[in-house]
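K.L.:
starting from these lines, generate the structure:
(one chain, ligands or ions: 1)
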Amino acid sequence: MGKKRNIIVGQSGGPTSVINSSLAGVYKTAKERGFHKVYGMLHGIEGLLDEMYVDLSTQIHSDMDIELLKRTPSAFLGSCRYKLPDIHENPAFYEKIFAILDKLDIEVFIYIGGNDSMDTIKKLSDYAIVKGHGQKFLGVPKTIDNDLALTDHTPGFGSAAKYIATSTKEVIRDAMGLSYRRKTITIMECMGRNAGWLTGSTALARTEDCCGPDLIYLPEIPFDIDKFLKKCKDLIQKKPSIVIAVSEGIRVPDGRYVCQLSGGSDYVDAFGHKQLAGTADYLAGFLAGELGCKTRSVELSTLQRSASHVASRVDINEAFMVGGAAVKAADEGDTGKMVVIDRVSDDPYMSAAGIYDVHKIANNEKTVPRSWVNKDGSYVTQEFVNYVEPLIQGDYQPFMVNGLPQHLVLKR
Ligand code: F6P
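P.N.:
Reported below is the predicted structural model:
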């Protein structure tokens with residue numbers, strides 16, 4: 001009997017509300033293309049090193065389960081932030097991984113992740129080529145940050161942008177209702193360490209029934225706290241309530257994160273990324289002290305990447321598409337590549353899956369172009385809004401049970 005054609009898939013990095021739709025796309029396409037077993041790594045490559053994996057057919061029993069998985073936020077299989085050593089530094093590490101892959105008769109290895117996770121695909125595919133291993137290694141894009149190079153956008157971003165724009169509208173309404181006798185300043189904080197795609201998406205709240213945020217600060221532009229104070233002072237004299245959106249990653253000109261100005265956490269992950277939080281809180285305290293008005297901070301935190309109840313239909317469908325496209329590409333002989341999303345047209349919005357060399361994507365960050373931010377760095381332009389708008393369209397209704405959304409949960 002010939003070698004079994006098995007696939008293994010893992011999830012890595014910060015989760016999104018549609019990362020499991022990509023997993024569902026991998027599973028469904030693998031089964032349709034006749035792969036024998038589809039294994040899921042538990043907690044990505046870190047778990048695989050401890051031989052932690054499941055046969056996904058023990059978890060997904062029907063088309064209904066596939067639909068539930070598409071609507072389940074966070075990493076179904078568990079995620080990790082694990083940096084692989086360089087090949088020459090630790091060959092034993094690679095021998096161990098390939099021994100596990102050989103034991104499981106793995107023909108295709110798929111990793112759903114962001115730019116750090118694509119480093120894993122790059123290193124494993126390089127090693128396989130150098131050592132003559134036959135496995136194929138494919139990346140599936142994922143990140144709410146939308147900072148992956150060579151893809152028009154990343155799955156996860158559209159749904160996070162939709163949640164952020166929706167919440168911005170709701171926060172603005174709340175602030176307006178309360179500001180009758182007391183001036184209030186509300187500061188909203190969005191994720192996206194070095195890329196302001198998520199924070200800029202608050203501008204989508206500017207609609208016929210909402211004025212949108214008053215100011216938007218992205219991490220791409222150095223943050224001038226004196227100019228910021230002056231702008232807030234001018235605005236709050238004219239309006240009873242102002243709402244400001246800031247990225248968790250804004251920095252003062254000397255390079256320090258704003259959230260570090262009051263201390264903050266020293267935690268750093270395997271890729272050297274500092275944990276960022278507390279920017280809005282710091283600025284709310286600062287403005288209260290300087291302007292003597294009521295201030296409030298709203299940190300969207302993990303809500304923005306797990307709000308699958310308000311996911312975008314476009315996003316869920318594209319996440320599913322790229323999962324399937326990775327299986328197809330590997331089955332047709334590709335390796336060391338990542339699937340990308342190409343924008344085919346804007347009106348009507350259409351996209352298609354493409355494929356790119358992962359070496360050009362791993363460890364790169366795509367930031368918001370300077371021309372999509374206004375001159376003084378306090379708002380995004382209409383081009384920015386036009387780019388994001390198609391990605392938040394449509395709904396994917398959750399399956400509600402007893403008033404709450406139902407999720408598919410791993411059974412161990
Ligand atoms: O990787 C995406 C992301 O959501 C970033 O926007 C954010 O800075 C980071 O993850 C937070 O990571 P963690 O949940 O590991 O603290």
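K.L.:
what's around Lys309, how many residues?
P.N.:
Careful, residue 309 is His and not Lys. Neighbours of His309 under the rule other C-beta atoms under 10 Å: 16. In this view, the C-beta of every residue, glycine as well, is placed from N, C-alpha and C.
K.L.:
an error on my part: the question was meant for Met400.
P.N.:
The number of residues packed around Met400, counting by other C-beta under 10 Å, is 10.
K.L.:
what about it, distance to Gln406?
P.N.:
To Gln406, Met400 is 7 Å away according to C-beta to C-beta, to the nearest Å.
K.L.:
before we move on, what about Ala128?
P.N.:
Distance from Ala128 to Gln406, by C-beta to C-beta: 39 Å.
K.L.:
so between these two, which is more surrounded?
P.N.:
Ala128 (20 against 13).
K.L.:
does that one really touch Ile121, like I thought?
P.N.:
No. Applying C-beta atoms under 8 Å as the test, Ala128 and Ile121 come out as separate, 10.6 Å apart.
K.L.:
which neighbours do those two share?
P.N.:
Common neighbours of Ala128 and Ile121 are listed as Phe137 (criterion: C-beta atoms under 8 Å, 6 or more residues apart in numbering).
K.L.:
and the biggest helix by length in the chain, what does it pack against?
P.N.:
If you go by DSSP state H, the chain has its longest helix at helix 157-178. Under the contact definition 3 or more C-beta pairs under 8 Å, 6 or more residues apart in numbering; DSSP states H and E, helix 157-178 sits against strand 184-190, helix 197-200, strand 241-247, strand 294-299, helix 303-306, helix 313-331.
K.L.:
now the fifth one, how far from the centre of its chain.
P.N.:
For helix 303-306, the separation from the chain centroid amounts to 9 Å (computed by C-alpha atoms, centre = their mean, to the nearest Å).
K.L.:
give me the buried positions along that helix.
P.N.:
Neighbour counts using 16 or more other C-beta atoms under 10 Å place Gln304, Arg305, Ser306 of helix 303-306 among the buried residues.
K.L.:
follow-up on the earlier one: so for the longest helix of the chain, what's the average pLDDT?
P.N.:
Averaged over helix 157-178, pLDDT sits at 95.
K.L.:
next, the angle from it to strand 184-190.
P.N.:
Angle of helix 157-178 versus strand 184-190, following axes from the mean of the first three to the mean of the last three C-alpha atoms, to 10 degrees, is 170 degrees.
K.L.:
residues of helix 157-178 that come out buried?
P.N.:
Going by neighbour count (16+ other C-beta under 10 Å), the buried part of helix 157-178 is 157-165, 167-169, 171-172, 174-176.
K.L.:
need phi/psi at the residue in the chain that the ligand sits nearest to.
P.N.:
For the chain and the ligand, the shortest gap (C-beta to the nearest ligand atom) falls at Gly14, measuring 2.9 Å. Main-chain dihedrals, Gly14, degrees, to the nearest 10: phi -70, psi 130.
K.L.:
my guess is it contacts Arg305. True?
P.N.:
Yes. With contact defined as C-beta under 8 Å, Gly14 reaches Arg305; the gap is 6.3 Å.
K.L.:
what ranges do the strands span in the stretch 301-412 of the chain?
P.N.:
For the stretch 301-412 of the chain, the strands defined by DSSP state E, counting those that start in this stretch occupy 337-346, 349-357, 400-401, 404-405.
K.L.:
over to the stretch 1-150 of the chain?
P.N.:
Per DSSP E, counting those that start in this stretch, the stretch 1-150 of the chain carries strands over the ranges 6-11, 38-41, 53-55, 106-113, 136-141.
K.L.:
and the first one, how far out from the chain middle?
P.N.:
Relative to the mean C-alpha coordinate of its chain, strand 6-11 is positioned 20 Å out (C-alpha atoms, centre = their mean).
K.L.:
quickly check: that strand near the ligand or not.
P.N.:
No. Contact between strand 6-11 and the ligand is absent, the nearest approach being 12.0 Å (criterion: C-beta under 6 Å from any ligand atom).
K.L.:
name the surrounding residues that touch that strand.
P.N.:
Contacts to strand 6-11, defined as C-beta under 8 Å, 6+ apart, come from residues 19, 23, 26-27, 30, 35-41, 44-45, 47-48, 53, 56, 75-79, 101, 104-113, 142, 327, 330.
K.L.:
separation between the closest residue to Val314 other than its chain neighbours and Glu290?
P.N.:
Of all residues not flanking Val314 in the chain, Gln393 sits nearest, at 5.2 Å (C-beta to C-beta, 6 or more residues apart in numbering). Per C-beta to C-beta, Gln393 is found 40 Å from Glu290.
K.L.:
can you check Arg173 too?
P.N.:
Arg173 sits 26 Å away from Glu290 when distances are taken as C-beta to C-beta.
K.L.:
contacting residues around the nearest residue to Lys96 once chain neighbours are set aside?
P.N.:
Leaving aside its chain neighbours, Lys96 sits nearest to Leu49 (6.7 Å; criterion: C-beta to C-beta, 6+ apart). Neighbouring residues of Leu49 by C-beta under 8 Å, 6+ apart: Lys96, Ile97, Ile100.
K.L.:
may I see the ChimeraX selection of the buried members of those residues?
P.N.:
The buried subset of these, as determined by 16+ other C-beta under 10 Å, is captured in ChimeraX by this line:
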select :97,100
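K.L.:
so where's the stretch 1-150 of the chain shaky on pLDDT?
P.N.:
Residues of the stretch 1-150 of the chain meeting the criterion pLDDT under 70: 1-3.
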